[in-house]
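could you work out the structure for the sequence below:
(2 chains)
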2 protein chains.
Amino acid sequence: MSNDTTGLQLRSLVTKGGELKISLQRVPTPEPGPDEVVVRVEAAPINPSDLALMFAVADMSTAQVSGSKADAVVTAKIPEKLMRAMAGRLDESMPVGNEGAGVVVRAGSSPAAQALLGKTVAILGGAMYSQFRTLKTVQCMLLPEGTKPSEGASCFVNPLTSLAMVETMRLEGHTALVHTAAASNLGQMLNRICIKDGVDLVNIVRKPEQEELLRKLGAKYVCNSSSPTFMEDLTKALVATGATLAFDAIGGGKLAGQILTCMEAAAVAKMKEYSRYGSTTYKQVYIYGGLDRGPTELNRSFGMTWGVGGFLLTPFLQKIGFAEAQKLRDRVVAELKTTFASHYTKEISLTEALQPDAIATYGKISTGEKYLITPARD
Amino acid sequence: MSNDTTGLQLRSLVTKGGELKISLQRVPTPEPGPDEVVVRVEAAPINPSDLALMFAVADMSTAQVSGSKADAVVTAKIPEKLMRAMAGRLDESMPVGNEGAGVVVRAGSSPAAQALLGKTVAILGGAMYSQFRTLKTVQCMLLPEGTKPSEGASCFVNPLTSLAMVETMRLEGHTALVHTAAASNLGQMLNRICIKDGVDLVNIVRKPEQEELLRKLGAKYVCNSSSPTFMEDLTKALVATGATLAFDAIGGGKLAGQILTCMEAAAVAKMKEYSRYGSTTYKQVYIYGGLDRGPTELNRSFGMTWGVGGFLLTPFLQKIGFAEAQKLRDRVVAELKTTFASHYTKEISLTEALQPDAIATYGKISTGEKYLITPARD
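Predicted coordinates for the structure are as follows:
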């Protein structure tokens, strides 16, 4: 075990000159306060939301690496027209990594902190692509005896987001769900939750192999957006399930609007009388990701009773309150090796994360290619 | 006064063959039940929402008129790709006209019906482009002594929609408003309400003369979307007013997204720390019209805390309930000749409404060109 008073930390910087720089910095480990602990970060996943902070809006096809190992610096150009969106983070070196897991190597004086010493914990709070993190005890979730850090590294973002989708469905009075990019790690998790909870889920994917994968995992409704019969297939699935709420990871293009169009067709099929305002059935698409960065195109061929909006986990958890959020967290721990299991293509160290080959692969955000960073390993 | 047992009624028909046909039919006047009255319709406005039903999605540049006077038939082609949206009304001859005003010429036996005999009433309930309408007494709003039907013809759609915007602002926790196509009849009404109620309103128009018109009417914030400084101007107005709710009559194109982008810029300007998810300020655009039938394009450069949706008056009134809706109706009657006054470019009879020149003018839905149909006049 290395000295824990300093450690490497991955940093992302956007310069005023329009460049992205990713590098490793050696940073001191803050001394833990009474109710804090120092965690040696053993595993931290690369989620799409992490990449958005790490790569900013840079054109990664222009990426170049100078230096080597811990001194490597990745540089890439940011298209000028996208610089306006970067105003808030210019020339500020930012740590990355929403979540992870590791072992508590030092603890403050409080009983809550001392109780965690030597334990394996899942952690949330940013800057997880670091060798050491000083965190409040409430940011740590004690993992059951025998859980490896790699098994607990993705306890928060995907599990809580997929649970939040089902909770939102209930809170907003819908009875079934639609999900896009549905073969993703998160999509597979949502599929397992819905099967377990008896909630109808319409999975939208864009490749036959993703369709097959989900069917093997027990998915009943899978529609392929690349198929010429997509609109008919989706409408049929929506008639069968009555789903009027969708969560969309794609964001750009016509898909969100197509979902609303098919939801409306399913609703109109049940109407007895024509109304030029369309059905009175409320239809909602929440965009929670931006796999397609292009504009969202809504042709509005779905009446007047609809909504499209952004969806983020943290405000959702704040809205339902601590007690309800804790129930969701408890469920994640209880079903960590089943419903909420994550699978990784590859484990890479912090220095490996700065290598061009690795960036080219994990940067694609393609289904089934999920990387785990292991900061504690040099 | 003509015999009131039958009367002309304007009808819109979409055929399976892809044609729109507008004609006048002579229809029997239903006998009034105990709680019903027969109204001789003296005045009914042509609102954009009426045109959408009347013209369906036809290409009115292909319109041709055969026959003359009461036997005239307007025929126009419907683009094939738009026929799917017409499925619900194929080969069904539909009456048109949401609202109007007239004189009660017969009444059922109930005291409520008898009390209206000979009175001038504002009426809501469709099929107003008719010489006679049999209506329930609750569909009639008694107009104050001395009110002409032409003054009371637009009591519902624009007045209640503009009031609903201000009410929605309050109910959903916003404190100021943005409105597009703001020089419209409805926009001028909203401007008067906001001035009277002390609500900040950001008016978006697209022509200098509309800008000037609104400023003359006391509008403080007017932004021209055709100006090269539009985004800056709008952001400044949003910083000044704190408006986070917009009502958009345009629908298509980039405007809804631009409004959200400027709202986000105004919110980010107040933030102390960068968040890649953008501000936590909730921003909403309701689309209530479709002056641009093209797709809505959202570039999503406005964080994750936003919503876009459809807005319709009737569901809003149902949501707030009868008592609250009645307060709004009472206010319309009380301020009918001031806040809620409508102005018309021209009055036309039902037969004149089928003439090519008239169609070409009222069909444009251009600001300041509002027509009033006078069905009682031959």
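
where does chain A dip in pLDDT?
For chain A, the stretches flagged by pLDDT under 70 are A:1-2, A:365-368.

what ranges do the helices span in it?
A:48-54, A:111-114, A:149-152, A:157-171, A:185-197, A:208-216, A:230-241, A:255-268, A:313-320, A:322-334, A:356-362 (DSSP state H).

compute the number of surrounding residues for the closest residue to residue A:373 other than its chain neighbours.
Of all residues not flanking residue A:373 in the chain, residue A:44 sits nearest, at 4.8 Å (Cβ to Cβ, 6 or more residues apart in numbering or on different chains). C-beta: built from backbone N, CA, C; applies to glycine. When neighbours are counted by other Cβ atoms under 10 Å in any protein chain shown, residue A:44 registers 33.

spit out the contact partners of residue A:44.
By Cβ atoms under 8 Å, 6 or more residues apart in numbering or on different chains, residue A:44 lies in contact with A:97, A:99, A:100, A:101, A:128, A:129, A:153, A:372, A:373, A:374, A:375.

please report how far the fourth one lies from residue A:54.
Plainly put, residue A:101 is 19 Å away from residue A:54 if you go by Cβ to Cβ, to the nearest Å.

one step back: what's the closest of the contacts of residue A:44 to residue A:249?
residue A:99 (17.8 Å; Cβ to Cβ).

show me the contacts for the closest residue in space to that closest one that isn't next to it in sequence.
Nearest non-adjacent residue to residue A:99, counting by Cβ to Cβ, 6+ apart: residue A:156, 4.5 Å away. Residues in contact with residue A:156 (Cβ under 8 Å, 6+ apart) are A:98, A:99, A:122, A:124, A:332.

now, the most widely separated pair of the residues you listed?
A:98 and A:332 (14.8 Å).

that older thread, looking only at neighbour counts, state which of residue A:101 and residue A:54 leads.
residue A:101 (28 against 25).

distance of the more buried one from residue A:35?
20 Å.

residue A:280: neighbour count?
Residue A:280, neighbours per other Cβ under 10 Å, totals 15.

was I right about it contacting residue B:319?
No - in this structure, residue A:280 is not within contact of residue B:319 by Cβ atoms under 8 Å, at 11.7 Å.

who touches both of those two?
By Cβ under 8 Å, 6+ apart, no residue touches both residue A:280 and residue B:319.

residues of the stretch 201-350 of chain A that sit close to chain B?
Proximity of the stretch 201-350 of chain A to chain B, by Cβ under 8 Å from any Cβ of the partner chain, involves residues A:251-252, A:257, A:268, A:271, A:274-277, A:280, A:287-288, A:290, A:295-301, A:303-312, A:315.

which of these count as buried?
A:251-252, A:257, A:268, A:274, A:276-277, A:287-288, A:290, A:295-301, A:303-312 (16 or more other Cβ atoms under 10 Å in any protein chain shown).

I'd like to know how far the residue nearest to residue A:373 sits from residue A:349.
11 Å.

need the overlap of contacts for these two.
The contact lists of residue A:44 and residue A:349 share A:373, A:374, A:375, where a contact means Cβ under 8 Å, 6+ apart.

the first one and residue A:358 touch, don't they?
No - counting by Cβ under 8 Å, residue A:358 is not a contact partner of residue A:373; they are 9.8 Å apart.

shared neighbours of those two, anything?
residue A:348.

higher neighbour count, the two?
Comparing residue A:373 with residue A:358 by other Cβ under 10 Å, the one with more neighbours is residue A:373, at 30 against 18.

which residues touch that one?
A:10, A:43-46, A:97, A:100, A:129, A:347-350, A:353.

of those, buried ones?
For these, buried by 16+ other Cβ under 10 Å: A:10, A:43, A:44, A:45, A:46, A:97, A:100, A:129, A:348, A:349, A:350, A:353.

what is the nearest of those residues to chain B?
Chain B lies nearest to residue A:97 out of the buried ones among the contacts of residue A:373, by Cβ to the nearest Cβ, at 12.9 Å.

who's in contact with that closest one?
Residues A:10, A:44, A:50, A:126, A:127, A:128, A:129, A:130, A:373 are the ones in contact with residue A:97 under the rule Cβ under 8 Å, 6+ apart.

which pair in the residues you listed spans the largest distance?
Maximum pairwise distance among the contacts of residue A:97 (Cβ to Cβ): 13.9 Å, between A:126 and A:373.

distance check, residue A:73 against chain B.
Relative to chain B, residue A:73 is positioned 21 Å away (Cβ to the nearest Cβ, to the nearest Å).

again, but for residue A:197
26 Å.

quick check, that residue in contact with residue A:167.
No - with contact defined as Cβ under 8 Å, residue A:197 does not reach residue A:167; the gap is 10.6 Å.

the more surrounded of the two?
Using other Cβ under 10 Å, the more surrounded residue of residue A:197 and residue A:167 is residue A:167, with 19 against 12.

contacts only, for that one.
Residues in contact with residue A:167 (Cβ under 8 Å, 6+ apart) are A:316, A:320, A:324, A:328.

compare those and tell me which is most surrounded.
Most neighbours among these, by other Cβ under 10 Å: residue A:316, with 21 neighbours.

if I pick that residue, what's in contact with it?
The neighbours of residue A:316, taking Cβ under 8 Å, 6+ apart as the test, are A:164, A:167, A:168.

just checking the distance from stretch A:199-216 to the centre of its chain.
19 Å (Cα atoms, centre = their mean, to the nearest Å).

ok so, going back, can you add distance to residue B:81 and give the buried ones among the contacts of residue A:373 back as CSV?
Listed next are the buried ones among the contacts of residue A:373 as CSV, based on distance: Cβ to Cβ, whole Å:
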residue, distance to residue B:81
A:10, 50
A:43, 52
A:44, 49
A:45, 44
A:46, 43
A:97, 48
A:100, 51
A:129, 50
A:348, 49
A:349, 55
A:350, 54
A:353, 49
